[in-house]
Structure formats: structure tokens, C-alpha cells
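>>> let's see this in three dimensions:
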Amino acid sequence: MSPSIPTPSASAAAGTQTLHRAVSLLRLITANNRSGSRLVDLYRRTGLERPTAHRILQGMIAEQLIRQDSRSKRYYLGSLLYEMGLAAAPKLALRDICHPYLETLAEQTGDTVFMTVRSGFDGVCVARADGSFPIKMFVLDVGRHRPLNVGAGGLAVLSALPDDEIQRICRVNVARTQRKNPRFTDAQLRASIAATRRRGYASNKVMDNPPVHSVGLVVRYPDGSPAAGISVSTLASRLGKDRLEMVVRCLGDAVESIEADLRRHLAREGKVQFMDLNLPPEPRPPVRGRS
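Modelled structure (predicted):
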């Protein structure tokens, strides 16, 4: 009996499966790029067999998508991904517009500042800036995906979305969040969204040990839709009433400056045709704690 020959559909399915597996590995490596990823962690967290994970990783190393440190044997993102990222960057680089203000905000507060953008049901950290406070808040690495409701930056973005879109995201993300925090409830998320809208800024607990809190505001496009979330994370002990008001005030000033820059960039590119740029932007909800 002659050996069976894979059909085109079977070959395509196998190729798609390999692609999905490679992307799953890339996501994990991206999320832990600061410290690197061990092979054992990668194959366990993806559910792959060790030889399968190793084979795919070696293929990605050959293509310079990832690299492996010769001493620690940990995996990191490779140079080709950086080159591809530069090529894929939009003409309007929101991160480039925001970055100087993130640095200023970190200098003003002394704390760690994050920029989060939406990707489907997730928030993705795309930039960070570290202040002078000696205890750094390494709670989130650039490139890390989390459910959009996790973290003050993502929560600020989520709260600025239309109600029907919030409903859609909540249906998915409550279950996702409960996998790591079984006590998390839909009612808690709804209360957080309502409080964010009422105050004009998001506030939540990031870590328990040590206690870390985060405060965030949304950056809006000229039409009022959310573009990104900017947040400050610090030790809970540093966020007394007076200092919280200072952080919120600095966040608000940074957001107003970013939005003004964003309007100018969009106007120069001719990308804002849905509104008269000579008119003032849509009013933002009042932010409590700002004079």
C-alpha cells in the first residue's frame, strides 16, 4: 500500500496551525521581553510539546524574529521584528506625539507613566517613562497585552467607549479576568466604569504586595473617540488626597497638550474632514481634583 499523500486542505490546515503556534510563542516572548523567556515556560504556557515549541523557536531564530541569549538561553524579540514594526508604523505615530509628555509627566510626579492603546478586547502598553522615585513600578512592559479593563490606562479607554461597545467587551473580559482573579465580578467592573465617568479619571489597585495604585486619563481624537490611556503607577502610600489631586492635575495637563498636538498633526495630514478644526474640541467630562 502506498503512503497517503496529504491533501491541499490538510497541508493548509497544518500550516495555519504552525502559524498560530508561532504567534502564541511570539506573544509570550513579547510580554516578557524585559527578562526573557525560558523554553520550559513557553511550551508549558502555550500547551505545546517541548520538541514542537523548540522546533518553531529555532525557525524563528533563523528568520531573526527572535534571538536566544547564549548564556541564559532565554528568548527575546529579534531585530527583524523591530524592522517590521518600523515599516508597519502608521504615518501618524501617536506614541511619538505622546512620548515627550510622558517623560514630562514622569519628571513631575517622580513615578512610572504608561501609555495604553486598545487592541480588540485588550489594552496594549506601547510606551513607558520612569520617574526619579527610587522604587520603580515594573508592573507592565511595553508590548504587554491585558484585558482592557485591567489597569487605569485601559479602564480609562474602556470607560470612554459607547455603551454598546462596553457591553460587548465586558461580556468577554469579565470571564477572562476571573481566570486570574476568581473574586472579580461584572458588578465590580460596571462600578469602576461608572466611577471613572463620574470622576473623569480611572483609579485602581494594580498590586497587593507591595500595594500599588494607578491613576489614568483617556486621550481623545478630535471627534471624541478614545485614542489612548495615560496612567501613573505608584506605591499606594504615595497617593494621599493632596498628592492624588496633583497627579490628576498633571495627567490632565498632559492629556490636554497631547490632544492639541494631535489635532495639529491630523490637520496637517488632512485627515480630519469630519469637523471644523477652527472650533474648540468636544468638551471633556469634568475631572474632579483639578482646579
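>>> and stretch 22-39, what's buried?
A22, S24, L25, L26, L28, I29, T30, A31, N32, N33, G36, S37 (16 or more other C-beta atoms under 10 Å). (Glycine included, C-beta is placed from N, CA and C.)
>>> who touches the residue lying closest to R50 once chain neighbours are set aside in this structure?
Excluding the flanking residues, the one nearest R50 by C-beta to C-beta, 6 or more residues apart in numbering is Y43, at 5.0 Å. When the contact criterion is C-beta atoms under 8 Å, 6 or more residues apart in numbering, the partners of Y43 are E49, R50, T52, A53, H54.
>>> pLDDT value on the third one, please?
The confidence metric pLDDT takes the value 94 at T52.
>>> how about stretch 53-66: buried residues?
The neighbour-count check on stretch 53-66 (16+ other C-beta under 10 Å) flags A53, I56, L57, M60, L65, I66 as buried.
>>> which of those residues sit farthest apart?
The two members of the buried residues of stretch 53-66 with the most space between them (C-beta to C-beta) are A53 and L65, at 14.3 Å.
>>> quick one: contacts of stretch 244-258?
97-98, 101-102, 104-105, 108-109, 111, 201, 215-219, 230-232, 234, 239, 287-291.
>>> mean confidence score for it?
What stretch 244-258 shows for mean pLDDT is 95.
>>> what of stretch 39-46?
pLDDT averaged over stretch 39-46 gives 93.
>>> list the buried residues of that stretch.
Going by neighbour count (16+ other C-beta under 10 Å), the buried part of stretch 39-46 is L42, Y43, R45, T46.
>>> off-centre distance for that stretch?
In this view, stretch 39-46 has its centroid 23 Å away from the chain centroid, taken as C-alpha atoms, centre = their mean, to the nearest Å.
>>> and the helix or strand hosting A187, which residues are buried?
Using DSSP states H and E, A187 falls within helix 186-199. For helix 186-199, a neighbour-count test (16+ other C-beta under 10 Å) marks L189, S192, I193, T196, R199 as buried.
>>> kindly report the same for stretch 97-107.
If you call a residue buried by 16+ other C-beta under 10 Å, then stretch 97-107 has these buried ones: I97, C98, H99, Y101, L102, T104, L105, A106.
>>> now it: mean pLDDT?
Mean pLDDT, stretch 97-107: 94.
>>> do the same with stretch 190-204
Stretch 190-204 carries an average pLDDT of 94.
>>> buried stuff in the longest helix along the chain?
Scanning the chain for the longest helix, with DSSP state H as the assignment, gives helix 241-269. Neighbour counts over helix 241-269 (16+ other C-beta under 10 Å) mark 244, 246-248, 250-252, 254-255, 258-259, 261-263, 265-266 as buried.
>>> good, we can wrap up now.
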